[in-house]
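>>> starting from these lines, generate the structure:
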Amino acid sequence: MSGGDDMAVWMQARANERASGLHRGDKTSRTITSFSHPLSAALSAPRKSNPWVEILNDGGYRSDGRRQYELRDISIDLAQQGTADGSAVLTHGLTQVLVTVFGPREAKMRSQTLHDRAVLNVEVNVLPFSTGERRRRARADRRMLELAATIKTTFEPVVQTGLYPRSEIDVFVHVLQQDGGLLQTCINATTLALATAGIPLLDFVCAVSGGVHATSPMLDLTTLEENDLPHVTVAVMPRTNKVTLVTLETRLHVDRFGEIFKLACEAGQTIHKEMRRAVKSRTSALITAMGGGLGHGPGADVLERDIVMDDVHTNDDF
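The predicted structure follows:
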């Protein structure tokens, strides 16, 4: 089944749930409160903001009611989607992404196989109703291709593709809603989908966006804030303290960049706790469904290692 067919199955299932009033799957919804960090002064000149909307008022509140370092609500749904080997629906505020993973499986094109490792393929599909502008994006849309390439390069050094030679892992990213932080949501959802598919990872990959308003750093930006502020997206591996991605599409003073980079890395630890809790909850539910009890027997001792194989090749640099 292709990514488009799987998307149709998911949308039909959600429509049936709304009609029947039922809820299925393991879902975690939590609000991440203020991410505390001492506010330090930035060195460059203030940036002119939108005169019609106050990004950050004198009381320290943003346009959506959050504080500077407060992350948006996070909702995680790891229920099985169609015939996918792994899937995850992740919501950051009003941004929602569905990721499905198929594989490892035999490659469709023998010419593209690698004899020593698996090939990681990423495809991004932005639904027409996900944004304020109702237009259908082609598969060859430049923005979508860039997003897919960024996700692929982020996960290639993290996924242990060497365990699956001459095969491929297909990742389909479906953008359901957009309100800022799209890249961070796609990366976090891909991490969860790969984990539920049972694909070994060196570590979780947790991404957070950040920006600067005048002299005030901010985390987890909305579309309004991204359009008005210089911003950066940072993806970190919390256990190994390695950075797999840093993207900066606007000009930002080097001193402010260092401050935002540090804040984003620390916020990634907070995101990691929520993602880890959701994966452990899903794993516990599967063990219970298989007739085993969590916390009893030798399986409980290796549960953490089953979730993330971070102690394999920990001395390798990538």
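>>> all contacts plus neighbour counts: C-alpha atoms, from now on.
Will do.
>>> mind showing which ranges of the stretch 1-150 of the chain have poor pLDDT?
Scanning the stretch 1-150 of the chain for pLDDT under 70 picks out 1-52, 132-140.
>>> again, only using 50
Along the stretch 1-150 of the chain, segments meeting pLDDT under 50 span 21-25, 31, 33-50.
>>> list the buried residues of stretch 79-95.
The neighbour-count check on stretch 79-95 (16 or more other C-alpha atoms under 10 Å) flags 79-82, 84-95 as buried.
>>> which one of those residues sits closest to A197?
G86 (3.8 Å; C-alpha to C-alpha).
>>> mind listing what that closest one touches?
Residues counted as contacts of G86 (C-alpha atoms under 8 Å, 6 or more residues apart in numbering) are 80, 100-102, 193-198.
>>> what's the separation between V212 and V175?
26 Å (C-alpha to C-alpha, to the nearest Å).
>>> who has more neighbours out of the two?
The residue with more neighbours, out of V212 and V175, is V212; 26 against 23, by other C-alpha atoms under 10 Å.
>>> tell me the SS of the more buried one?
strand (DSSP: H, G, I helix; E, B strand; the rest coil).
>>> where's it relative to L56, distance?
10 Å.
>>> can you show me the strands along the stretch 201-318 of the chain?
206-213, 216-219, 231-237, 242-248 (DSSP state E, counting those that start in this stretch).
>>> would you mind finding the most buried of those strands?
With neighbours taken as mean count of other C-alpha atoms under 10 Å, these reach their highest mean count in strand 206-213, at a mean of 28.
>>> for T283, state which of the contacts of G86 is nearest.
Using C-alpha to C-alpha, T196 comes nearest to T283 of the contacts of G86, at 8.4 Å.
>>> apart from its chain neighbours, what residue comes closest to the closest one?
G86 (4.8 Å; C-alpha to C-alpha, 6 or more residues apart in numbering).
>>> R276 - how many residues pack around it?
Neighbour tally, R276, other C-alpha under 10 Å: 17.
>>> and K108, by the same measure?
Neighbour number of K108 under other C-alpha under 10 Å is 10.
>>> what distance do you get for the residue nearest to T196 to V99?
In terms of C-alpha to C-alpha, G86 sits 8 Å off from V99.
>>> repeat that for T91.
Taken as C-alpha to C-alpha, the span from T91 to V99 is 11 Å.
>>> where does the stretch 201-318 of the chain have low pLDDT?
In the stretch 201-318 of the chain, residues with pLDDT under 50: 295, 297-304, 307-318.
>>> strands along the stretch 51-200 of the chain, start to end?
Using DSSP E, counting those that start in this stretch, strands in the stretch 51-200 of the chain cover 74-77, 86-92, 95-106, 119-126, 167-177.
>>> most tightly packed of those?
It is strand 86-92: most buried of those by mean count of other C-alpha under 10 Å, with a mean of 27.
>>> in its sheet, what does that one sit against?
strand 74-77 (antiparallel), strand 95-106 (antiparallel) (DSSP bridges).
>>> so how far is the first one off the chain centroid?
Right, the one you point to is strand 74-77. Strand 74-77 sits 11 Å away from the centroid of its parent chain (C-alpha atoms, centre = their mean, to the nearest Å).
>>> next one: stretch 186-206
Per C-alpha atoms, centre = their mean, the centroid offset for stretch 186-206 relative to its chain is 9 Å.
>>> hang on, isn't A195 packed against L202?
No. If you go by C-alpha atoms under 8 Å, A195 and L202 don't touch, sitting 10.8 Å apart.
>>> show me which of those two is the more surrounded one.
Between A195 and L202, counting by other C-alpha under 10 Å, A195 is the more crowded of the two (26 against 20).
>>> wait, what's in contact with the residue nearest to V97 when sequence neighbours are not counted?
Using C-alpha to C-alpha, 6+ apart and skipping residues adjacent in sequence, the residue nearest V97 is V175, 4.7 Å away. With contact set as C-alpha under 8 Å, 6+ apart, V175 has these partners: 96-98, 124-127, 130.
>>> now do M237
Contacts of M237 (C-alpha under 8 Å, 6+ apart): 203-206, 243-244.
>>> for the residue nearest to V97, list each beta-bridge partner.
Going by DSSP bridges, V175 forms beta bridges with V97, V126.
>>> please report how far it lies from V236.
For V175, the distance to V236 - C-alpha to C-alpha - is 22 Å.
>>> next up, the contacts around the spatially most central residue of the chain.
The chain has N188 as the residue nearest its centroid, 1.6 Å off, counting by C-alpha atoms, centre = their mean. Counting by C-alpha under 8 Å, 6+ apart, N188 makes contact with 90, 205-207.
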